[in-house]
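[1] pasting a predicted model and its sequence here:
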2 protein chains.
Amino acid sequence: MTLRVLAAALTIVLAATCWPAQDALPASTNVPGTDYPRIHPDRRVSFRLKAPAATSVKLQTLSDGLGKGPIDFKRDEAGNWNLTIGPVRPGFHYYAFLVDGVQVNDPASETFFGWGRESSGIEVPAKDLDFYDLKDVPHGDVHIHAYRSGSLGTFRSAYVYTPPGYDANRSKRYPVLYLQHGAGESERAWTKQGKANLILDNLIAAGKAKPMILVMENGYATSVRDNRAGISIREAFDKLVSQELIWNIDSSYRTLADKDNRAIAGLSMGGGEAIYTGLKHADLFSWVAGMSGGTQLLDLVPGEAGRAVALRFLKLLWLGYGTEDGGYPAAVKVHRDLEPKHVPHVWFETSGSHEWQVWRKCLYELAQRLFR
Amino acid sequence: MTLRVLAAALTIVLAATCWPAQDALPASTNVPGTDYPRIHPDRRVSFRLKAPAATSVKLQTLSDGLGKGPIDFKRDEAGNWNLTIGPVRPGFHYYAFLVDGVQVNDPASETFFGWGRESSGIEVPAKDLDFYDLKDVPHGDVHIHAYRSGSLGTFRSAYVYTPPGYDANRSKRYPVLYLQHGAGESERAWTKQGKANLILDNLIAAGKAKPMILVMENGYATSVRDNRAGISIREAFDKLVSQELIWNIDSSYRTLADKDNRAIAGLSMGGGEAIYTGLKHADLFSWVAGMSGGTQLLDLVPGEAGRAVALRFLKLLWLGYGTEDGGYPAAVKVHRDLEPKHVPHVWFETSGSHEWQVWRKCLYELAQRLFR
């Protein structure tokens, strides 16, 4: 009996000291062949950097979901710097390392354009959610679509998702959702960080969303001339979308090219762009959505007849927010004020702050309501 | 007269000390809004990193074209570390910074998957070459094509270039070139580092190449089971291509699905994969090419009848090399030995070493000869 108790105790001690790392798995966002960062079953995350000559290594958390940074690593005798944090929130989080004060990428991580540069990112699995997982269902393609903007005098790349079957059904036409990233991000964000293509693949396979095309462009479309003339980011993007992008997409892809089959949505800065452009062009869009942004544009004051009128022509005004987002209280107020003004809209809120997990959920909810 | 000479001398002194940076432009590979790295008209390159607390910053050159590294930066009073190198060779070069001994990315650079991680890269313009420039010609799309490999039990992403007009001409079918990256790179390399899509856009616009589809997959296709069984990278990739990828591409895109309309090429490790798979499956490929790699597979010894026979069924065996590549002398020997063995092939050589500028030129030359 004593032996069995001893053996059990030894097992527990061993498990606590030697084996926990065996349950932790390298993050899916790591580059191939790297062991760290590792994610533990309880969603703690272990980071490691080999830097024998450094005097200080810290984790810079670039998303609320990882907690408040910077956080100090500890150096071991082999010159590895180690840190375990959390449990952290599920979803995608940006981060960086501070090596002797310089903010750099984790060499073991894929990079994701955010915060105005290629940043490290980590995908923390959510056990109870699978709507954005890569599943064995038919998959659409994501096209890197190059086109020339005459007004900007430059070439641009739109990321365009075509739904499963697009290439096989050579005469079918599809509705289009224009979908914008946030500040400091790029046209790559909605597929790479947001998994928008997988969300649509899964929704379409389950019959929960109509097959649709997604068009993801870069929200920064200000030319040198625009800058000189004081044209805002929002106005410049509006000009690009309304005068060039829609025309280009409708002539390059098999779209249903009318307002009732055209939606615009975006997150944060992109939410402002979507609501601004959507309401300015009631002739172009019938479906408009803002995620964690743009809501303040709906804080209609007397005299703003234009937007109020535009709202009446919409089939859907959709607003989504994370309840822990700094902008949530103000957004809720706008949402509540819209009711007595008889502006019909859908309000969606979910746990989370200003982060991709919220925007993935927003797209999942929004896409099911579009074009119906 | 003396005054004019003085003024001229002063102008030269000023130009040499104060103004040269004005002629230098931020590299096209920088993230938006960054001033460094900057490229001077004479192809010197200036790097800068703000790192007041670092004790050492060095440039790690990851391509011969930037010269031999590491090279020390010098710190200024503001805490910026500065370095000017070169003149360097035109083309695309990988690089990294060593901050107190840790190899990290330049935060101001886009990242490019090479050397097994997301690395910094710099595009140095070539004044006398424009075949890979983004021009005002019709552009094809690059598709991120997700598909499931039954044998690997995983999803994979192929990058697929469809030529201009692919979506408009809904019944036209196209020949296919399978095009592989090198060791430590990924399926993204040929378009991102190599500009393969722009090379084809320009060739097709000039009527110099037949419109074709490019399929760029990840050359690492070894499963856990393969690893246990000692299956090599080359054999694993061969299995994926010959048993799954071709079938998937032919059923997903409007291809001309026969050997005379199917080519395979690759660079370095990918050259070995292309020549191995191309010659092993004379029923699948009529056009086979190796760039800076794979040539040694053609060093036929008596008894290797299979490969010798396969060569007779080819429409083209194409070999390309940079004359400063470490593997060049051995490759030239194989090329010369093929002549007396009556193995018809095209040999292409150009200045440069084991670098993307050579492989861009290889693709430019090769694509003009395919499917004719």
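    On my side now, so go ahead.
[2] are we agreed that A:Ala330 is in a helix?
    Yes. Under DSSP: H, G, I helix; E, B strand; the rest coil, A:Ala330 sits within a helix.
[3] what about A:Lys315, how many residues close to it?
    Neighbour count for A:Lys315, taken as other Cβ atoms under 10 Å in any protein chain shown: 16. For every residue, glycine as well, the C-beta is placed using N, CA and C.
[4] excluding its backbone neighbours, what's nearest it?
    Excluding its sequence neighbours, the residue lying closest to A:Lys315 (Cβ to Cβ, 6 or more residues apart in numbering or on different chains) is A:Ser286, at 4.3 Å.
[5] report the contact partners of that neighbour.
    By Cβ atoms under 8 Å, 6 or more residues apart in numbering or on different chains, the contact list for A:Ser286 reads A:Lys259, A:Asp260, A:Asn261, A:Arg262, A:Ala263, A:Phe313, A:Leu314, A:Lys315, A:Leu316.
[6] now the fourth one: how far from B:Val104?
    Summarising the geometry, the distance separating A:Arg262 from B:Val104, computed by Cβ to Cβ, to the nearest Å, is 43 Å.
[7] got it, and the third one?
    A:Asn261 sits 47 Å away from B:Val104, going by Cβ to Cβ.
[8] of the two, who's got more company?
    A count of neighbours by other Cβ under 10 Å puts B:Val104 above the other of A:Asn261 and B:Val104, at 25 against 21.
[9] surely the more buried one and A:Val99 touch.
    Yes. If you go by Cβ atoms under 8 Å, B:Val104 and A:Val99 touch, sitting 6.6 Å apart.
[10] before we move on, the earlier item: top of the contacts of A:Ser286 by neighbour count?
    So for these (other Cβ under 10 Å), the most neighbours sit at A:Ala263, 29 neighbours.
[11] pLDDT check: weakest of the contacts of A:Ser286?
    Lowest pLDDT among the contacts of A:Ser286: A:Phe313, with 84.
[12] pretty sure that one is in contact with A:Ala282, am I right?
    Yes. Between A:Phe313 and A:Ala282 there is a contact under Cβ under 8 Å: 4.3 Å.
[13] can you tell me the element A:Glu187 falls in?
    Here A:Glu187, judged by DSSP states H and E, is contained in no helix and no strand.
[14] tally of neighbours for the closest residue to A:Asp130 other than its chain neighbours?
    Distances taken as Cβ to Cβ, 6+ apart put A:Asn202 closest to A:Asp130, at 8.0 Å, once the chain neighbours are dropped. Using other Cβ under 10 Å, A:Asn202 has 21 neighbouring residues.
[15] with A:Ser157 instead?
    19.
[16] now the stretch 151-300 of chain A against chain B: closest residue?
    The nearest approach of the stretch 151-300 of chain A to chain B comes at A:Arg170, 4.6 Å away (Cβ to the nearest Cβ).
[17] now do the SS call for that residue.
    A:Arg170 ends up coil, using three-state DSSP.
[18] check what pLDDT it gets.
    So A:Arg170 comes in at 85 (pLDDT).
[19] can you tell me the closest non-neighbouring residue to it?
    B:Arg170 (4.6 Å).
[20] wait, A:Lys68 sits on A:Thr61?
    Yes. A:Lys68 is within contact range of A:Thr61, at 6.6 Å (criterion: Cβ under 8 Å).
[21] A:Arg336: neighbour count?
    10.
[22] average pLDDT for stretch A:25-40?
    pLDDT averaged over stretch A:25-40 gives 96.
[23] where does pLDDT dip in the stretch 51-200 of chain A?
    Low-confidence segments of the stretch 51-200 of chain A, defined by pLDDT under 70, are absent.
[24] which ones are touching the closest residue to A:Ala24 other than its chain neighbours?
    Spatial nearest neighbour of A:Ala24, chain neighbours left out: A:Arg38 (3.9 Å); criterion: Cβ to Cβ, 6+ apart. Applying Cβ under 8 Å, 6+ apart to A:Arg38 gives the contacts A:Ala21, A:Ala24, A:Leu25, A:Pro26, A:Ala27, A:Val45, A:Ser46.
[25] I'd say the second one and A:His40 touch.
    To tie it back to what came earlier, the one meant is A:Ala24. Yes. The criterion here is Cβ under 8 Å, and A:Ala24 meets it with A:His40 at 4.5 Å.
[26] which of those two has more neighbours?
    Between A:Ala24 and A:His40, counted using other Cβ under 10 Å, the more crowded position is A:Ala24 (19 against 16).
[27] may I have the phi/psi pair for the more buried one?
    Main-chain dihedrals, A:Ala24, degrees, to the nearest 10: phi -80, psi 140.
[28] got the contact list for it?
    With Cβ under 8 Å, 6+ apart, A:Ala24 has these contacts: A:Arg38, A:Ile39, A:His40, A:Pro41, A:Arg44, A:Ser46.
[29] name the residues linked to the first one by a beta bridge.
    Beta bridges link A:Arg38 to A:Pro26, A:Ser46 when assigned by DSSP bridges.
[30] quick check: it vs A:Arg44, distance?
    A:Arg38 is 9 Å from A:Arg44, by Cβ to Cβ.
[31] pull the residues that contact the strand or helix carrying A:Leu179.
    In this structure, A:Leu179 sits in strand A:176-180 according to DSSP H and E. Residues from elsewhere that reach strand A:176-180 (Cβ under 8 Å, 6+ apart): A:190, A:196, A:212-217, A:219, A:237, A:241, A:245-246, A:249, A:253, A:255-256, A:261-267, A:269-271, A:273-274, A:287, A:363, A:367, A:370.
[32] alpha carbons of that strand, as CSV, please.
    Taking C-alpha atoms only, strand A:176-180 is exported to CSV below (Å, rounded to 0.1, in the frame of the first residue of the first chain):
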residue,chain,number,x,y,z
VAL,A,176,-20.9,39.9,-53.5
LEU,A,177,-19.9,41.0,-50.0
TYR,A,178,-17.2,43.7,-49.8
LEU,A,179,-15.4,43.0,-46.6
GLN,A,180,-12.8,45.4,-45.0
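[33] ok, back up a step: kindly indicate which of the contacts of A:Ser286 lies nearest A:Ala146.
    Of all the contacts of A:Ser286, A:Ala146 sits closest to A:Arg262, with 21.8 Å by Cβ to Cβ.
[34] surely the closest one meets A:Leu284?
    Yes. Taking Cβ under 8 Å as the definition, A:Arg262 is a contact partner of A:Leu284 at 6.2 Å.
[35] mutual contacts of those two, please.
    A:Ile246.
[36] sec struct for A:Gly320, please.
    A:Gly320 is classified as strand under three-state DSSP.
[37] could you check the pLDDT of it?
    On the pLDDT scale, A:Gly320 is placed at 98.
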